[in-house]
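> model this:
(chains A and B)
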Protein chains: 2
Amino acid sequence: MTAFDELMAYQRDTQALGQIAGRLGWDQETMMPRGAAGQRGQETAAIEAVLHARRSDPRVAEWLEKAEAPDEAGAAQLREIRRSFERANKVPGDLSRKIAQVTSEAQGKWAQARADEDVASFLPVLEEVVALKREEGQALANGGDVYDAMVQDYEHGTTGAQIAATFDAMRPRLVDLRARVLEKPKPKGLEGTFDTAKQMQLTRKLAKTFGYDMAHGRVDKAVHPFSSGSGDDVRITTRTSESDPFNCFYSTIHEVGHGAYEQNIDKAYLLTPLGRGVSMGVHESQSRIYENQLGRSRAFTGWLFDQMCETFGAIGVEDADAFYAAVNKVHNGYIRTEADEIQYNLHIMLRFDLERALMSDDLAVSDLEAAWNDRFKADFGYAVDTPSNGVLQDVHWSVGLFGYFPTYSLGNVYAGCLHEALRRAVPDLDGQLALGDTTGATGWLRENLQCHGGLHEPRETIRRASAMGPDAEPGPEPLLRYLETKFAGIYDL
Amino acid sequence: MTAFDELMAYQRDTQALGQIAGRLGWDQETMMPRGAAGQRGQETAAIEAVLHARRSDPRVAEWLEKAEAPDEAGAAQLREIRRSFERANKVPGDLSRKIAQVTSEAQGKWAQARADEDVASFLPVLEEVVALKREEGQALANGGDVYDAMVQDYEHGTTGAQIAATFDAMRPRLVDLRARVLEKPKPKGLEGTFDTAKQMQLTRKLAKTFGYDMAHGRVDKAVHPFSSGSGDDVRITTRTSESDPFNCFYSTIHEVGHGAYEQNIDKAYLLTPLGRGVSMGVHESQSRIYENQLGRSRAFTGWLFDQMCETFGAIGVEDADAFYAAVNKVHNGYIRTEADEIQYNLHIMLRFDLERALMSDDLAVSDLEAAWNDRFKADFGYAVDTPSNGVLQDVHWSVGLFGYFPTYSLGNVYAGCLHEALRRAVPDLDGQLALGDTTGATGWLRENLQCHGGLHEPRETIRRASAMGPDAEPGPEPLLRYLETKFAGIYDL
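Numbers count the residues shown, from 1 in each chain, chains lettered A, B, ... in the order given. The predicted structure is shown next:
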């Protein structure tokens, strides 16, 4: 065996163990008996320790030294393995363990603080998390920018400054669009109660309609929808609310975007570093384009309207146009995960600016709530009423996810680019979607983006799929054009 | 930290990883998408390799050398760790990998051969399995008896000769009892179809009735019922057949016996070698006493009759006495897993004698089918009609389980001993069971046996729980007395 082959065999076992750890997470959110949480914590810690030891094993350095890539994919494998090895060895083991321990504690305190509407009880542990993550960021940055180093974990090749520039270009146009839309009369929403068993039936049909492969996946309920796993075992979850079936259906379509990306990666990359979505931003571009540019299009919602009438009888809106307006209703609200396509990005920009300031020490944890509330008032025009609707609404910071939030909006930006290229490539897209046929769109995404997994770096992945020139950067213009056109139509702007 | 503490911390991680491997097995039989089998094989191999490396790690030897047990439980922990370490190091890694590979292949060939009724297509790979397992047995036996060495994996402290002596004492009395019962008129069976959703409802009620803790477990369907996991996450499965609800209910009660044993072990032993059932035979004693001595008693079936009538309406038998006879119907049949309490043991004895002869080379694989058929005819009085009703009916040998079969009947023998002690300790047992109250019985088993986990060796565990003298051996006499009395009553012998 060559050094390359030995390294890849080792790597496949590491990836397999990573898949097992992921499946434990899935089990925890879907199947685990409630009394098993303590034991599960010990199980998770044990397998994470095995994974960390394997990723930082000195033999990996020896293999990397000697390995010669047989081809382009091999070179990309080595690039990913090297990056993972260097990351694992840059952060001292004690610091990683301390972060795992403190964030585990912080997550519990966050949940309690949110339930109690008590920010003060959460701040001391958040202070610890911020300090530890900053220390980790410094170890990763090696003298460079701490926040940039953190972003690399989720979106390799993108800097905080690049994100800031993108967001700065988006913000005024989104604030303006939002204001113009909210001046208009509100569209009618759905009415009635919607049997949750029937929702699950239709949601499974929707998953298949968007190309999700049930032979290599399954759909279950969870409190927070997610997608889990790579390769031949990619599971998604959704949730149901009797009064709001859109929550179920669009959660499913969103997660199918993530899940289908994983399922459609070239099987030659199975259980290798290339055999999974290349970054959080590119992942989110898939979930968003499935959910929004396809799933919330006039064409597709026409088909969905018929499906819902067939499944539930009268649903409170009269025709497909009214249904389309209901699906795309823009409304005031405090909560990021409930926001519409326009305002979602404003929620993200707020978080991005605050977490970047926390990491550069320009904002103290003790001033975080005031900063949040001021910014929210400025962007949305009304005041946060309670902490659970403000600074305590998201779990991310409590578990140490700094640098992650912006990838949600990067995903929207990328989806905008892909959507323009897709429309050029499939001129009859709306005709197909109106029949509930997504194969033109999902097939194009599979062949131009999903199948490549981690072969190319994130921005290069988007650039190639969108047929941009080698010097072009995926920017926000296509997304903004799409949003302005779409909502001008719905709201008669 | 002392060497003992370090060893125990290491061991807890190993046990946690073992629990994860077990949960993967559960997932595979209950939740896994059908297309994920190949990837799962790689995942399982990866975690098994991690476990093997940890169990045979030279550091364990160093810790064992230095460790001083702080108390009786600590000494038992060291005993179990030493045994596991020695076993892991006795068998060459190459041989273990080869066995894993060949048995994986053999299992597939067995399933195909059984479907095709084609013994010849299975024999070559079985030949390989037998040769490899014999080689493993020789490595374990270190000059001693190969079959004895194999039995130690499932029932430590018991020899093939001891089992043979026990079985020799049982066989004539069981053959005689069987013959006398089968001369009598057959009791009426259930009639009708039984909604499977209602079966699952009642089966969950039964599980709780027998003390299964749903906060630390769950009940799902699987093709073959099993129990999985230890400590705070112990899951069981059952199956449903529209025409045969007893299959569902008694599979559940059986698996609850296994599951409750694991759930009831002292939490001080959580994720340690003592924190799981001590042997297959003792485990089976719990599943059998729950299923048979309690679940199939006249007293409990009286309660179950009412439950079934309430759930299903008319069930085809008139009263509780007829129901009791239906539950305990003795009938001809080829299949071990469908056998009644009397004949089950005859099925085991047949397998025990054949596998022991295979391992000592007194029987060639090519002669196995003929030997099976001759012995079956001799014990049961009629000829095997097809291989799937004969030598191909069980998966065990294809996956290399030699030395495992006898633990099923040892479990029955142990259950007989425990049952006599239980009747002495809880004089009003039948009065309680008649009300569907198992707490007297299950509480006694929990306190006298289950809570101790692996603290005492298997036979010592039974001896203590049954309040036998230190020199007494758990023998078949109580089981035989119980069977003879019970079936004399039902069949008016």
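> CA only for contacts and neighbour counts going forward, please
Noted.
> Identify the residues contacting the spatially most central residue of chain A.
Centroid check for chain A by Cα atoms, centre = their mean gives A:Glu284 as the closest residue, at 4.3 Å. Counting by Cα atoms under 8 Å, 6 or more residues apart in numbering or on different chains, A:Glu284 touches A:258, A:407-408, A:410-412.
> For the residues you listed, which two are the farthest from each other?
A:His258 and A:Leu410 (14.9 Å; Cα to Cα).
> A:Ile236 in helix, strand or coil?
What DSSP: H, G, I helix; E, B strand; the rest coil gives for A:Ile236 is strand.
> If you could redo that for A:Glu29, that was the one I meant.
helix.
> who touches A:Asp367 in this structure?
By Cα under 8 Å, 6+ apart, A:Asp367 has no neighbours at all.
> Name the residues that touch stretch A:425-444?
A:209-211, A:294, A:299-304, A:422-423.
> Distance to A:Leu346, pLDDT and secondary structure for these - can I get that in JSON lines?
Formatted as JSON lines, the contacts of stretch A:425-444 follow (distance: Cα to Cα, whole Å; pLDDT from 0 to 100; DSSP: H, G, I helix; E, B strand; the rest coil):
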{"residue": "A:Thr209", "distance to A:Leu346": "31", "pLDDT": "98", "secondary structure": "helix"}
{"residue": "A:Phe210", "distance to A:Leu346": "28", "pLDDT": "98", "secondary structure": "coil"}
{"residue": "A:Gly211", "distance to A:Leu346": "31", "pLDDT": "98", "secondary structure": "coil"}
{"residue": "A:Leu294", "distance to A:Leu346": "22", "pLDDT": "98", "secondary structure": "helix"}
{"residue": "A:Ala299", "distance to A:Leu346": "27", "pLDDT": "98", "secondary structure": "helix"}
{"residue": "A:Phe300", "distance to A:Leu346": "26", "pLDDT": "98", "secondary structure": "helix"}
{"residue": "A:Thr301", "distance to A:Leu346": "25", "pLDDT": "98", "secondary structure": "helix"}
{"residue": "A:Gly302", "distance to A:Leu346": "29", "pLDDT": "98", "secondary structure": "helix"}
{"residue": "A:Trp303", "distance to A:Leu346": "30", "pLDDT": "98", "secondary structure": "helix"}
{"residue": "A:Leu304", "distance to A:Leu346": "28", "pLDDT": "98", "secondary structure": "helix"}
{"residue": "A:Leu422", "distance to A:Leu346": "26", "pLDDT": "98", "secondary structure": "helix"}
{"residue": "A:Arg423", "distance to A:Leu346": "26", "pLDDT": "98", "secondary structure": "helix"}
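> Could you tell me how many residues sit around the closest residue to A:Phe210 other than its chain neighbours?
In this structure, A:Phe210 finds its nearest non-sequential neighbour in A:Thr438, 5.9 Å apart by Cα to Cα, 6 or more residues apart in numbering or on different chains. By the criterion of other Cα atoms under 10 Å in any protein chain shown, A:Thr438 has 22 neighbours.
> ok, now how distant is A:Thr438 from A:Trp444?
10 Å (Cα to Cα, to the nearest Å).
> For the residue nearest to the centre of chain A, give me phi and psi.
phi -70, psi -30 (degrees, to the nearest 10).
> which residues does the residue nearest to A:Thr44 when sequence neighbours are not counted contact?
Nearest non-adjacent residue to A:Thr44, counting by Cα to Cα, 6+ apart: A:Ala21, 7.0 Å away. Going by Cα under 8 Å, 6+ apart, A:Ala21 touches A:44, A:47-48.
> Which secondary structure state does A:Ala21 sit in?
helix.
> related to what we said a few turns ago, higher neighbour count, A:His258 and A:Leu410?
A:His258 (30 against 26).
> So A:Asp220 belongs to a strand, correct?
Yes: A:Asp220: assigned to a strand according to three-state DSSP.
> how many neighbours does the nearest residue to it once chain neighbours are set aside have?
Of all residues not flanking A:Asp220 in the chain, A:Thr237 sits nearest, at 4.7 Å (Cα to Cα, 6+ apart). By other Cα under 10 Å, the residues close to A:Thr237 number 23.
> isn't A:Thr237 right up against A:Ser227?
Yes: counting by Cα atoms under 8 Å, A:Thr237 touches A:Ser227, with 6.5 Å between them.
> quick one: contacts for A:Glu355?
Here A:Glu355 is in contact with A:402-403 (Cα under 8 Å, 6+ apart).
> try 6 Å
A:Glu355 sits next to no residue when contact means Cα atoms under 6 Å, 6 or more residues apart in numbering or on different chains.
> Let me know the distance separating it from A:Gly454.
28 Å.
> Please apply the same query to A:Glu183.
Applying Cα to Cα to A:Glu183 and A:Gly454 gives a distance of 44 Å.
> neighbour count winner among these two?
A:Gly454 (24 against 10).
> and that one, what is it in contact with?
A:274, A:278.
> Tell me the confidence at it?
What the model reports as pLDDT for A:Gly454 is 98.
> ok, now A:Ile253?
Taking A:Ile253 on its own, its pLDDT is 98.
> Count the residues that sit near it.
Neighbours of A:Ile253 using other Cα under 10 Å come to 29.
> Got the phi and psi for A:Ser227?
Dihedral angles for A:Ser227 - degrees, to the nearest 10 - are phi -120, psi 150.
> what sits against it?
Here A:Ser227 is in contact with A:235-236, A:255, A:259 (Cα under 6 Å, 6+ apart).
> which residues sit in contact with the closest residue to it other than its chain neighbours?
Of all residues not flanking A:Ser227 in the chain, A:Ile236 sits nearest, at 4.3 Å (Cα to Cα, 6+ apart). A:Ile236 makes contact with A:219, A:226-227, according to Cα under 6 Å, 6+ apart.
> From chain B, how far out is A:Ile236?
12 Å (Cα to the nearest Cα, to the nearest Å).
> Check the secondary structure at the nearest residue to A:Tyr290 once chain neighbours are set aside for me.
Spatial nearest neighbour of A:Tyr290, excluding adjacent residues (Cα to Cα, 6+ apart): A:Gly257 at 5.5 Å. Per three-state DSSP, the local secondary structure of A:Gly257 is helix.
> what's the burial count for A:Pro245?
By other Cα under 10 Å, the burial measure for A:Pro245, its neighbour count, is 22.
> May I have the phi/psi pair for A:Ala69?
phi -70, psi 130.
> Does the closest residue to it other than its chain neighbours lie in a helix or a strand, and which?
The spatially closest residue to A:Ala69, leaving aside those adjacent along the chain, is A:Ala75, at 5.0 Å (Cα to Cα, 6+ apart). According to DSSP states H and E, A:Ala75 maps onto helix A:72-90.
> Using the record's domain definitions, break chain A down for me.
Chain A resolves into domains spanning A:3-145, A:146-493 when parsed by automatic domain parsing.
> Any chance of these in TSV with distance to B:Pro245 as columns?
Converted to TSV, the domains of chain A look like this (distance: least, Cα to Cα, whole Å):
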stretch	distance to B:Pro245
domain A:3-145	26
domain A:146-493	26
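> Need the winner for burial among these.
Among the domains of chain A, ranked by average contacts under mean count of other Cα atoms under 10 Å in any protein chain shown, first place goes to domain A:146-493 (a mean of 19).
> Check the gap between the residue nearest to A:Phe210 and A:Ile265 for me.
A:Thr438 is 18 Å from A:Ile265, by Cα to Cα.
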